[in-house]
Each structure stands twice: as C-alpha cells, then as structure tokens.
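Novice: just need the structure, nothing else, for what follows:
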Amino acid sequence: MSTRLSIDPQFRAGFGGSANRAREDMPVPPRAMAKSAQKGNRRRAWPRWTRPAVKAAILLTPVLVVAGMAASAWQRGTFAETTAALQESLIQTSASAGFAIADVLVEGRTETDPASILRVLGVQRGDPILAVTLSDAKEKLESLPWVASASIERHLPGILFVRLTEREPMAIWQHDRKFTVIDREGRPLADATELARRGNRRIETLPQVVGANAPMQVPKLLAALDNVPALREKVSAASWVGDRRWDLKLKNGVVVKLPEARMPSALRQLAEMDATGQVLDRDIVAIDLRQNDRAVLQTSATAVLPWTEEENKKKPGKKT
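Specialist: Modelled structure (predicted):
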C-alpha cells in the first residue's frame, strides 16, 4: 500500500490560463478582411520547391543556436559552465511545461518518519521532476536508520514513487541509561523510549541486551538462538559479560551462563535438557553451562547440583 506524503498544501498549480483568455478576447475579423488576408497570404506563399528547405531551416535553427553557443563557450573556456546553464534552463522550462513534482508516493513504510523522507529528498511541490537525480535520491533514502534498501522512480508528469524495505527490529540495547532499538546486525534504529511514548507496540516483546559492546555481538547470539527456536522464545534479556560471553535471562527469571567459546553447542545442550527433563520448569535460579561436560543447576535455596548427560539417562524425569 502506498502512502501519499504532504509536501506543500499551499501549492497552486496552473499555467497557460491567461493565454487562453487572450485568444478568446480577440475580435473575429469581418469576412471581407478574412478573404483579403487569405489572398495576401497566398500571394506571399513560398514556392513549393522551397518548402523542404524552409522546414529544415526551422528545425535546425535551435540546434544551430545551441551549437553556436557551445562553440563560443569552447573558445572562451567556459564550455562546462555554459552546458550546465543550458541544462538548468531546460529543466526549469520542463517544470513550466507540466513536469513538476505534485506528489511523493511511498510504499513499504512502517517506521520511517515521513518528514525525514522529504527532508533527505529535499523536494517541494512545484520543483522540476527532471531535476531529481535518482541515484543520489536512492543513496540519501538508504542513509535513514530504518531503511535497509530503497528505490525511486519518476512517474511522469509529476509523481515521485519511492519503495522502501525497512530493517527488522530485533532487540533493545540498554546502555548508559538509554534504550535503543537495534536490528539483527546490531545497527541502532531508534530511541525505544520515544517509540514507546508514541504507542509503538512492536517493541513490547523485544528482548533486551545489556553491555557496552553488546550490539556488535548480537548477530552471533541471534544466529545461535535461531537453531533452538523453542529456547529462544523463552529468552527475555541477554547481558554481555566481561566483553567475552553472554548471560541469558529467561522469562521465568532463570539465568543461563553461557561459555565464551562454544555458545552454540551449549544452547543446544540446554535445549535437549529441557526437552527431555523439563529442566527449565524446575525451581531453579541459574544454570551454568561454562563447563564442558556438565551443567550446574542452582536452586532457589542456593544449592548447587550437577547435571550430566549420564545422570539424566539413569534418572529420566527425576527432579533434583
């Protein structure tokens, strides 16, 4: 669905009206005068054999004028300036002929601020549409935080059509008392507090990540969690500890301490433990997966209990 952006409600288009009225006010000549004029025109008509040359001269005159100006500019060393001036003049003339911006239509916009789109495009209603450099406009649109990719087209005579692909918000980064929405690559998108103030509901279920360099590590964490979707649904926050490893906080309050080097395999281990022994449903406050051969479960009474694969096989379903 396309969105029409309001770019100048005070604009009033219209040209050529005075010329039409002038033609309507011209008096109709008497029939005798018309006949006399027709006879005079016939007497002054060019011979038939000269007509092709006359037509060619009419068509070539603008070309010869431009060529003459270009040659003169070349001799004076101002060729580039003259060419640019001619181009600018033609563009301005095109706007008077009807090729002027009337609307900007945008498709794919959800989070991007409409005002920011118009700001980076730098257009106003009535501007020559041919003056918009599409490649530059595309680059400016893709500089906006929410925009992953953009395309822009001219729909003549007066519409700019913009198509956006926006970035997907994946987490909220908490740092220095600020909350920033980031995408899957850890790129900052927007102020989470401001979005919440505006009533944005998309960010309510996003997990939080904490730590100075957490955004740079988010891609690896999300990639590992993608392999254990059931476990990922239970994660509410992640803390980047000591600039080297993650602690996960689950929605039920359990803290999962992940190892530095083998995070993906540790997450798979935890997912298997939960699938076979419902370990995450137990009365525990933390699970430490930093050891290679075991998981250490800490209960709410602060007791530390070992959990090994062998023990799980011997005592399936037994709560410890």
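
Novice: all strands for the stretch 51-200 of the chain, in order.
Specialist: Chain-ordered strands for the stretch 51-200 of the chain, with DSSP state E, counting those that start in this stretch as the definition, fall at 103-107, 147-155, 159-166, 169-175, 178-183, 188-191.

Novice: so is R290 in a helix, a strand, or just coil?
Specialist: Counting by DSSP: H, G, I helix; E, B strand; the rest coil, the backbone at R290 sits in coil.

Novice: what's the burial count for the closest residue to it other than its chain neighbours?
Specialist: Closest residue in space to R290, ignoring its immediate chain neighbours: P259 at 4.6 Å, by C-beta to C-beta, 6 or more residues apart in numbering. Where you see a C-beta, it was placed from the backbone N, CA and C, and this is true even at glycine. Around P259 there are 16 other residues, counting by other C-beta atoms under 10 Å.

Novice: so P259: helix, strand or coil?
Specialist: Under three-state DSSP, P259 comes out as coil.

Novice: quick one on the thing from earlier: with distance to L289, mean pLDDT and mean neighbour count as extra columns, can I get the strands of the stretch 51-200 of the chain in JSON lines?
Specialist: Formatted as JSON lines, the strands of the stretch 51-200 of the chain follow (distance: least, C-beta to C-beta, whole Å; pLDDT from 0 to 100; neighbours: other C-beta atoms under 10 Å):
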{"stretch": "strand 103-107", "distance to L289": "46", "mean pLDDT": "97", "mean neighbour count": "17"}
{"stretch": "strand 147-155", "distance to L289": "34", "mean pLDDT": "98", "mean neighbour count": "17"}
{"stretch": "strand 159-166", "distance to L289": "35", "mean pLDDT": "98", "mean neighbour count": "19"}
{"stretch": "strand 169-175", "distance to L289": "21", "mean pLDDT": "97", "mean neighbour count": "20"}
{"stretch": "strand 178-183", "distance to L289": "25", "mean pLDDT": "97", "mean neighbour count": "19"}
{"stretch": "strand 188-191", "distance to L289": "30", "mean pLDDT": "97", "mean neighbour count": "16"}
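
Novice: three-state assignment of S239?
Specialist: Judged by three-state DSSP, the three-state class of S239 is strand.

Novice: pretty sure it is touching R245, no?
Specialist: No: contact criterion C-beta atoms under 8 Å: S239 and R245 do not qualify, at 9.6 Å.

Novice: which residues sit against stretch 263-270?
Specialist: Residues from elsewhere that reach stretch 263-270 (C-beta atoms under 8 Å, 6 or more residues apart in numbering): 220-221, 223-225, 227-228, 231, 245-246, 256, 258-259, 279, 287, 289, 295.

Novice: thought D191 was touching T180?
Specialist: Yes: using C-beta under 8 Å, D191 is in contact with T180, at 6.4 Å.

Novice: for the residue lying closest to L156 once chain neighbours are set aside, which residues are in contact?
Specialist: Excluding the flanking residues, the one nearest L156 by C-beta to C-beta, 6+ apart is F99, at 6.4 Å. By C-beta under 8 Å, 6+ apart, F99 lies in contact with 128-130, 156-158.

Novice: A275 now?
Specialist: By C-beta under 8 Å, 6+ apart, the contact set of A275 is A230.

Novice: what pLDDT does it get?
Specialist: pLDDT for A275: 95.

Novice: if I look at it, how far off is I287?
Specialist: In this view, A275 and I287 are 14 Å apart by C-beta to C-beta, to the nearest Å.

Novice: same check on V123?
Specialist: 56 Å.

Novice: one step back: how about the strands of the stretch 51-200 of the chain, which one is nearest S94?
Specialist: Nearest of the strands of the stretch 51-200 of the chain to S94, taken as C-beta to C-beta: strand 147-155 at 11.5 Å.

Novice: what pairs with that closest one, parallel or antiparallel?
Specialist: Strand 147-155 pairs in its sheet with strand 159-166 (antiparallel), by DSSP bridges.

Novice: got the angle for the strand it pairs with vs strand 103-107?
Specialist: 30 degrees (axes from the mean of the first three to the mean of the last three C-alpha atoms, to 10 degrees).

Novice: need the contact partners of strand 159-166.
Specialist: Under C-beta under 8 Å, 6+ apart, the answer for strand 159-166 is 2, 101-112, 117, 121, 123, 129, 132, 137, 141, 146-155.

Novice: let's see that with 6 Å instead.
Specialist: Applying C-beta atoms under 6 Å, 6 or more residues apart in numbering, the contact partners of strand 159-166 are 103-111, 146-153, 155.

Novice: what of stretch 246-258?
Specialist: For stretch 246-258, using C-beta under 6 Å, 6+ apart, the contacting residues are 221, 234-239, 241, 245, 266, 284, 286-290.

Novice: one more time with 7 Å, if that's ok
Specialist: If you take C-beta atoms under 7 Å, 6 or more residues apart in numbering as the criterion, stretch 246-258 is touched by 221, 234-241, 245, 263, 266, 270, 280, 284-290.

Novice: just the buried subset of the residues you listed, please.
Specialist: 221, 234-235, 237-240, 245, 263, 266, 270, 280, 284, 286-289 (16 or more other C-beta atoms under 10 Å).
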